[in-house]
Structure formats: C-alpha cells, structure tokens
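Visitor: Below are the sequence and a predicted model; questions follow.
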Amino acid sequence: MNLYHNESIVSGKKKIIVLGSGPNRIGQGIEFDYCCVHGLLAIKECGYEAIMINCNPETVSTDFDMADKLYFEPVNWEHIYEIIDHEKPDGVIVQLGGQTALKISKKLFEKNIPIIGTSFENMDIAEDRGRFSDLLKQLEIPYPEYGSAQDVDEALKVANRVGYPVLVRPSYVIGGQRMKIVINDEELEKSVVSILKHIPDNKILIDQFLDRCQEAEIDAIYDGEKMHIMGIMEHIEPAGIHSGDSHAMLPYFNLSPMTITTMEHYAIKIAKALSIKGLINIQFAIKDGIVYVIEANPRASRTTPFIAKAYQIPYLNIATKIMLGTHKIANFTFEKKLTGFAIKEPVFSFNKFPNVNKELGPEMKSTGESIRFIKDLRDPYFRKLYKDRSMYLSK
C-alpha cells in the first residue's frame, strides 16, 4: 500500500514559477504581493502555466484562483527545490517577491535552473557592495566611499579611512536589518559586535554617510535596448531614513533639471552594464550639486506598485512580459494619468509592538505604505512635511 500521495499533477504545459515574499514582517511590506499578482496575470496572457510559491494567507497572490497552481509553502530553498524538481518549469521569476525571493537566485544558479529576466551574475553585482562600487568606478559614476570588514579591527581601519560619520550594515539582509549610522570608534565597535553576534559569518559593510543631503530614486524597466523610466520619486525626509520609512513625492518637486538629467543618464548606464531585463530601482543622494548612486536593486522595489497605481499604468504586467522576452518596451504606450502629486506615506505597526524603539533611521520599521493625493505644493500636509525637512537640512 502506498502511504504517500501527491495531489499535484504536473501538466504538459510550458510553465513559469513566481517566488513570493513570504509572511508580512517589519523590513519587508506587503507591496510585493501586488507585483506577484500582476506577474501571474502576465504569465497567463503569454500562454504559460502560472505557478505561485508563497506562504502568506493575507495576500491576493495566494488566492485559490489567482495562479494556475498555488504551492502554499515557505519561500526557502528546501521547499522551493522540491517543487521545481517536481514541476520542471521553463524558468523562475525572482524579481517580484522582494529581497526574500531575490536571495534564492544564487541557489537557482548553482542548480542550473533558468532565472527569468536579469541573470544571477548581474543581479549579484548589484547586490555585492564591493563589486557594485567597482562597477560605478568603471562607469565614472560618483558613489560614497566604502569598505568591508570581517571583524572589529578591520572595521575600525575602514571607518577611519572613509571618515565619520559612517553607515555600518551587514550584507545581504532585508530592510536594512542592524544598519546603523555611527560617529566614532566606540559606537562603531558596539555596532560591529552586535552584527557579529546576531548575524554571524556575514560581511560587514562600512559606507561614508552623506549627511544632510537630498535623496531620490528611479524605478525603471529595461529590455536590453531601451529604458522606460516609470517614475522619479523625491524623498521628503533627508538621507538617513530608510527609503521604506520615508515619505516620497511623485513626481519630484525640488530637483533641478540638471540633477534629473544626470540621474536618468546614470540609470541607463547602470542598466546597460548589468544587462538588466525587467525591473531596476536605483537610489541616489544629492549633495553640493553632485549626484551619488547609493544602491541599485535589480528587482521590483516597494515603490513600483505605488507608481503603477498613481499613474494608472500596469507596469508589473509590462515588466513581466519583458522578462519573459515576449515583448519589448516599444510594444507599449505609456499614458500617465496623475493630476497633481502622489505622496508615499509609510505605514507603521507600532501599536502591535509597543516596546519597539519608534525612532526612525537606516533600519526599516514600516510594514507597508499608503497613497495620499494632493493637487499642488500648497497642500498643508505637504507643507508641514517639507518644513520639517528644511529645518533638519539647515542644522
């Protein structure tokens, strides 16, 4: 008698697996569910069987009728590999499930499992701070000075070379986990010891912190030949607040034409160099007229759904079709339907965690975001946010 029964019957169709972002948690909000849902719809429209792997009962991507087949399983390698081995898909999409899904790409690459869209090698360049900085240097794009360390002594040498204040963080983590701005050797030592204690065997990154500067980001789609910039968002808070916790304005409101042109130029150069196929998010810091690239995320960012909703354009559907190679940017028309401005408002769950430190910084603490539409810059809500920012920058 067979004691084991597998209810998942494999079809003879061509199939694509989408990796979700797992349960809601601080550091990674629910925005990526929107990305996965529209990705599934695009996969179906392109004639593939759409398979979803996710384990969040509060999301639309795990509704029984959204994907052709749903595996309600943890988004970790052991579960994913068994499903891939069973289904034998034509490829796996990692760009739609945030950092959780993206981190699986290395295992997929090592097992020769096709990754749909940007290759693992190029995604890894963007994720590895050292390799990415080397690329920026080669492209002649300004970036904050940086260094990496394995222990306290190395970290102190790097910090004193770069110059305080510095941003200390572990590599390959979600939502800026244990990321901190430090101003002297004593604070640096405490921060590094904390990282090594809670996240052992993790490289420590030390970046020059650009204090009192503007921050902005670009979300774009690149098809290997042409780029479409979905949106340019200017953060209302100055640099130092995690992008997931900051208010941001779409479109930008206080950036010069030269700054915008420079950001767009850098975005195209980076997308070409990384051979991006699909989505990319690039974050910038602007200080003393110089545009610095802080980081590039070769995936959907938490602002991608925000921009799609504000402009009423199905950007995730479009990006997925470009990842699959069935369409190019030239196949689409983009009519942005935003009147006035849209403000990204972070959503916090501090009422659920009353003992958590509510002070905002480089470590993300929000669990989602909402949209506030305003007609113009005279809106009282915006004016208060901007006044707070101006006071900080003037200190």
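Guide: Yep, that arrived.
Visitor: what's downstream of whichever helix or strand residue 269 is part of, the next helix or strand?
Guide: Assigned by DSSP states H and E, residue 269 falls within helix 257-273. For helix 257-273, the following helix or strand on the C-terminal side (DSSP H and E) is strand 278-287.
Visitor: Neighbouring strands of that following strand in the sheet, and parallel or not?
Guide: The sheet places strand 278-287 alongside strand 214-222 (antiparallel), strand 290-297 (antiparallel), with pairing taken from DSSP bridges.
Visitor: Would you map the helices across the stretch 51-200 of the chain?
Guide: Assigned by DSSP state H, counting those that start in this stretch, the helices in the stretch 51-200 of the chain fall at 77-87, 98-102, 105-110, 120-127, 129-139, 152-162, 185-198.
Visitor: now the strands paired with strand 278-287 in a markdown table, with mean neighbour count, distance to residue 347 and mean pLDDT?
Guide: No exception for glycine: its C-beta is placed from N, CA and C like everyone else's. Formatted as a markdown table, these follow (neighbours: other Cβ atoms under 10 Å; distance: least, Cβ to Cβ, whole Å; pLDDT from 0 to 100):
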| stretch | mean neighbour count | distance to residue 347 | mean pLDDT |
| --- | --- | --- | --- |
| strand 214-222 | 25 | 19 | 95 |
| strand 290-297 | 20 | 20 | 93 |
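Visitor: Which among these is found nearest to residue 194?
Guide: Residue 194 lies closest, by Cβ to Cβ, to one member of the strands paired with strand 278-287: strand 290-297, at 22.0 Å.
Visitor: Tell me the backbone dihedrals of the nearest residue to residue 52 once chain neighbours are set aside, please.
Guide: Counting by Cβ to Cβ, 6 or more residues apart in numbering, residue 67 is the residue found nearest to residue 52 once chain neighbours are left out, at 3.8 Å. Backbone geometry at residue 67, expressed as degrees, to the nearest 10, gives phi -90, psi 160.
Visitor: Would you map out the domains in this structure?
Guide: As recorded under automatic domain parsing, the domains making up the chain are 15-116, 145-208, 214-394.
Visitor: most neighbours per residue, which of the ones you listed?
Guide: Each of the domains of the chain was scored by mean neighbour count; the highest is domain 15-116, a mean of 20, by mean count of other Cβ atoms under 10 Å.
Visitor: Quick one: end-to-end distance for that one.
Guide: Counting by Cα to Cα, to the nearest Å, you get 12 Å between the two ends of domain 15-116.
Visitor: if we can go back for a sec, which one, of the helices of the stretch 51-200 of the chain, ends up nearest to residue 327?
Guide: Per Cβ to Cβ, nearest to residue 327 of the helices of the stretch 51-200 of the chain: helix 120-127, 20.4 Å.
Visitor: send the alpha carbons of the closest one over as CSV?
Guide: Presented in CSV, the C-alpha positions along helix 120-127 are these (Å, rounded to 0.1, in the frame of the first residue of the first chain):
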residue,chain,number,x,y,z
PHE,A,120,22.1,35.8,-11.4
GLU,A,121,25.6,37.0,-12.3
ASN,A,122,24.4,40.6,-13.0
MET,A,123,22.0,40.6,-10.0
ASP,A,124,24.9,39.6,-7.8
ILE,A,125,27.0,42.5,-8.9
ALA,A,126,24.2,44.9,-7.8
GLU,A,127,23.8,43.1,-4.5
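Visitor: Residue 99 versus the residue nearest the centre of the chain, what's the distance?
Guide: What sits nearest the mean C-alpha location of the chain, by Cα atoms, centre = their mean, is residue 301, with 3.6 Å. From residue 301 across to residue 99, the span is 10 Å (Cβ to Cβ, to the nearest Å).
Visitor: swap in residue 10?
Guide: 30 Å.
Visitor: Helix, strand or coil: sort out residue 334 for me.
Guide: With DSSP: H, G, I helix; E, B strand; the rest coil as the basis, residue 334 sits in coil.
Visitor: mind putting the strands paired with strand 278-287 in CSV, distance to residue 52 included?
Guide: What follows is the strands paired with strand 278-287, written out as CSV (distance: least, Cβ to Cβ, whole Å):
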stretch, distance to residue 52
strand 214-222, 22
strand 290-297, 22
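Visitor: Please name whichever of those is nearest to residue 270.
Guide: Among those, the nearest to residue 270 by Cβ to Cβ is strand 290-297 (5.6 Å).
Visitor: Let me see the contact set for the residue nearest to the centre of the chain.
Guide: Residue 301 is in contact with 217, 219, 279, 281, counting by Cβ atoms under 8 Å, 6 or more residues apart in numbering.
Visitor: can you check residue 216 too?
Guide: 232-235, 252, 255, 259, 263, 283-284, 286.
Visitor: Kindly recompute the last result at 10 Å.
Guide: Contact analysis of residue 216 by Cβ atoms under 10 Å, 6 or more residues apart in numbering lists 232-235, 239, 243, 248-249, 252, 254-255, 259-260, 263, 282-286, 291, 294.
Visitor: just residue 60 next, same as before
Guide: Residue 60 neighbours (Cβ under 10 Å, 6+ apart): 30, 33-34, 36-37, 40, 66.
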